[in-house]
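**Q** pasting the sequence and the predicted model now:
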Amino acid sequence: MKKLISDLTEYLGPKNVIIDEPDKQPYVVDWRKIISGKACAVALPSSTEEVASTVRICAAHGVSIVPQGGNTGQVAGAVPGEVGESIVMSLKRMNAIRAIDTKNNTMTVEAGCILKNLQEAANSAGRLFPLSLGAEGSCLIGGNLGTNAGGTQVLRYGNARELTIGLEVVLANGEVWSSLRGLRKDNSGYDLRDIFIGSEGTLGIITAATLRLFPQTPIRHTALAALPSVDAATELLSRCRDEAQEALTAFELISGACLRLVQQNCPDKRMPLHSIDSPWYCLIEVAHRGENGRSLENFHRIFEDVIECEQASDVLVAQSLAQAEAMWGAREMITSALAHDGKCIKHDISLPISEIPAFVRETDELLQARYPGVRNFTFGHLGDGNLHYNVARRASGDDADLHAMQPGLSLLVHDAVERRSGSISAEQGIGRIRTADLIRYKAPLELQLMWAIKRTLDPNGLLNPGVLLPSFEPWMELR
Ligand code: FAD
């Protein structure tokens, strides 16, 4: 290890190779503080060439690399395991916007750009970059692509994969593959880009990307509807889709319990409502350029209809930007409010939208029958069929009590997801904490194909070992 560190230090400079334990801490502990790993060093390259050379130096020493963006991931994929024989490679110094092409409607950016800065850069160029999520002030675009991030506007624009038309990637042997040509069409063979997006740093290190830009949608209508049930929420989603069509940008489901938790744990937060007494809420946004006659009156009409047929008990339509921001602010604080509440068992699941009401009803009942008193904090991107089905300790229980329940409880939830043909990871990935679930629920053939790709691109297992695929190749009987 000493020789590796001296080689890295000589190449990157001492400032860009962190070896002191306290300074390494932010890079080796994940956002949820589930994993506290060990790394012999943290390397901070600032260019594609530096990433490639760092990979070659590590490969020569047989040392693995954990690529890291903003370390906001929820499945501990950006931190090392406990053995300490890896380096963390933070991409945060690679933060240049290489080009914005308003004719091609693309921007080419380096992996270490903060997502919010990219939204602002697109905005300054008179365009929209629609990837948007609660961690946008600290997550990096490389991490967004590593996880194929979703967020709040997938309904209209798709997830990170759909927003990307080119990539530059450093491979496990230090070679650089690039498709940053700004092409919307390229059927000259397999789509290599799609293999790297969502691969959680296990197949290559993304150093840059060409991203799609869209026309701005300056007119936004935001509303918060109070609803008696998840059935009513899916019904309202259908109506909003019919009425607003592609202008429907976001449709978020939030349980009353989540909003109350935000109110309780984030007292400085300006809440959009005085009293939160409905079991469910939907946060809805329609955005457009002002054409096609879509006006505030149309938006109001959807909700008048809905209240009239008693599917919603109340609808608050934002009358100002501040009100809309209060609605989104409350939604975006849920993850932090949950972290403040203590440990929580998270499930990031995907289901056909039509299955969601029955899934929530039945799984809530099963949970209470088997683990009476646990608290559900369910929210998510209903328009994408994605729920964050979170379960927190009993009011009278503690973290140890919840920890003991975790294996059986998650099995119950994920089995219910499987019965309805869903997925155990909708947008957050597998990371270090869901590898066993992947083996249990993924079809054996799919696992074999994934292993074949991993073996081809990273034959020595140097890239993010233990993340996504377990470090050993599982025999199919494990299922
Ligand atoms: P990291 O956490 O640093 O890394 C994530 C994974 O990508 C790791 O496996 C890592 O090894 C890999 N990786 C990082 N950089 C690279 C690279 N350059 N090349 C290859 N692999 C790389 N996620 C959503 O999808 N939707 C949401 O709505 C959402 N909301 C969130 C809200 C909050 C408050 C928080 C804290 C998180 C939320 N997340 C959400 C999760 C998280 O923000 C996303 O997964 C995000 O995409 C991670 O970006 P990051 O830069 O922090 O990546």
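**A** Yep, that arrived. Numbers count the residues shown, from 1 in each chain.
**Q** from now on I want contacts and neighbour counts done on CA atoms only, so please keep to that.
**A** Noted.
**Q** give me the number of neighbouring residues for Ala395.
**A** Residue neighbour count, defined by other Cα atoms under 10 Å, stands at 9 for Ala395.
**Q** please name the residues that touch it.
**A** For Ala395, the contact set (Cα atoms under 8 Å, 6 or more residues apart in numbering) comprises Gly373, Val374, Arg375.
**Q** list buried residues within these.
**A** Val374, Arg375 (16 or more other Cα atoms under 10 Å).
**Q** ok, the contacts of Ala395 vs Leu237, which is closest?
**A** Nearest to Leu237 among the contacts of Ala395, counting by Cα to Cα, is Arg375 at 26.0 Å.
**Q** so what's the closest one bridging to?
**A** Per DSSP bridges, the residues bridged to Arg375 are Ala392.
**Q** I'd say it and Ala392 touch.
**A** Yes: with contact defined as Cα atoms under 8 Å, Arg375 counts as touching Ala392 (5.1 Å).
**Q** now the nearest residue to Glu175 once chain neighbours are set aside: phi and psi?
**A** Using Cα to Cα, 6 or more residues apart in numbering and skipping residues adjacent in sequence, the residue nearest Glu175 is Ala52, 6.7 Å away. Note on Ala52: backbone dihedrals following degrees, to the nearest 10 are phi -60, psi -40.
**Q** what's Ala52 in contact with, if anything?
**A** Val170, Leu171, Gly174, Glu175, Val176.
**Q** buried ones in stretch 99-116?
**A** By 16+ other Cα under 10 Å, the buried positions in stretch 99-116 come out as 100, 105-116.
**Q** which ones are touching Ile197?
**A** Ile197 neighbours (Cα under 8 Å, 6+ apart): Leu145, Gly146, Thr147, Asn148, Arg161.
**Q** check the offset of stretch 186-201 from the chain's centre.
**A** 19 Å (Cα atoms, centre = their mean, to the nearest Å).
**Q** let me fix that, I meant to ask about stretch 171-184.
**A** Using Cα atoms, centre = their mean, the offset of stretch 171-184 from its chain centre is 23 Å.
**Q** ok, now stretch 401-413?
**A** 23 Å.
**Q** mind listing what's buried in that stretch?
**A** Leu402, Met405, Gln406, Leu409, Ser410, Val413.
**Q** and the pLDDT for His300?
**A** His300 carries a pLDDT value of 71.
**Q** secondary structure element holding it?
**A** helix 296-308 (DSSP states H and E).
**Q** I'd like the next helix or strand past that helix.
**A** Next element after helix 296-308 (DSSP H and E): strand 314-317.
**Q** ok, and what's touching that next one?
**A** Contacts of strand 314-317 (Cα under 8 Å, 6+ apart): His221, Thr222, Ala223, Leu224, Ala225, Ala226, Leu227, His300, Phe303, Ile307.
**Q** okay, now the sheet partners of it, with direction.
**A** strand 219-227 (antiparallel).
**Q** mean confidence for the strand it pairs with?
**A** The average pLDDT for strand 219-227 rounds to 92.
**Q** which positions in that strand come out as buried?
**A** Buried, per 16+ other Cα under 10 Å, within strand 219-227: Arg220, His221, Thr222, Ala223, Leu224, Ala225, Ala226, Leu227.
**Q** just to check, Cys258 is in contact with Thr378?
**A** Yes: counting by Cα under 8 Å, Thr378 is a contact partner of Cys258 at 7.0 Å.
**Q** neighbour count: the two, which is higher?
**A** Cys258 (26 against 21).
**Q** now do the buried residues in whichever strand or helix holds that one.
**A** Using DSSP H and E, Cys258 falls within helix 256-265. Under the neighbour-count criterion of 16+ other Cα under 10 Å, helix 256-265 has Gly256, Ala257, Cys258, Leu259, Arg260, Leu261, Val262, Gln263, Asn265 buried.
**Q** the second one and the ligand, how far apart?
**A** Right, the one you point to is Ala257. 17 Å (Cα to the nearest ligand atom, to the nearest Å).
**Q** excluding chain neighbours, what is closest to that residue?
**A** In this structure, Ala257 finds its nearest non-sequential neighbour in Phe377, 6.0 Å apart by Cα to Cα, 6+ apart.
**Q** on the three-state scheme, that neighbour is what?
**A** strand (DSSP: H, G, I helix; E, B strand; the rest coil).
**Q** and stretch 151-165, what's its mean pLDDT?
**A** Per-residue scores along stretch 151-165 average to 96.
**Q** could you tell me the end-to-end distance of that stretch?
**A** 19 Å (Cα to Cα, to the nearest Å).
**Q** in that stretch, which residues are buried?
**A** For stretch 151-165, using 16+ other Cα under 10 Å, the buried residues are 151-161, 163-165.
**Q** ok, stretch 276-290 next?
**A** Across stretch 276-290, burial judged by 16+ other Cα under 10 Å covers Ile276, Ser278, Pro279, Trp280, Tyr281, Cys282, Leu283, Ile284, Glu285, Val286, Ala287, His288.
**Q** stretch 432-448 too?
**A** Arg432, Ile433, Arg434, Thr435, Ala436, Asp437, Leu438, Ile439, Arg440, Tyr441, Pro444, Leu447.
**Q** what of stretch 350-366?
**A** Buried residues in stretch 350-366 (16+ other Cα under 10 Å): Ser350, Leu351, Glu355, Ile356, Phe359, Val360, Thr363, Asp364, Leu366.
**Q** who are the contact partners of the first one?
**A** Which is Ser350. Asp384, Gly385, Asn386, Leu387, Val417, Gly422, Ser423, Ile424, Ser425, Ala426.
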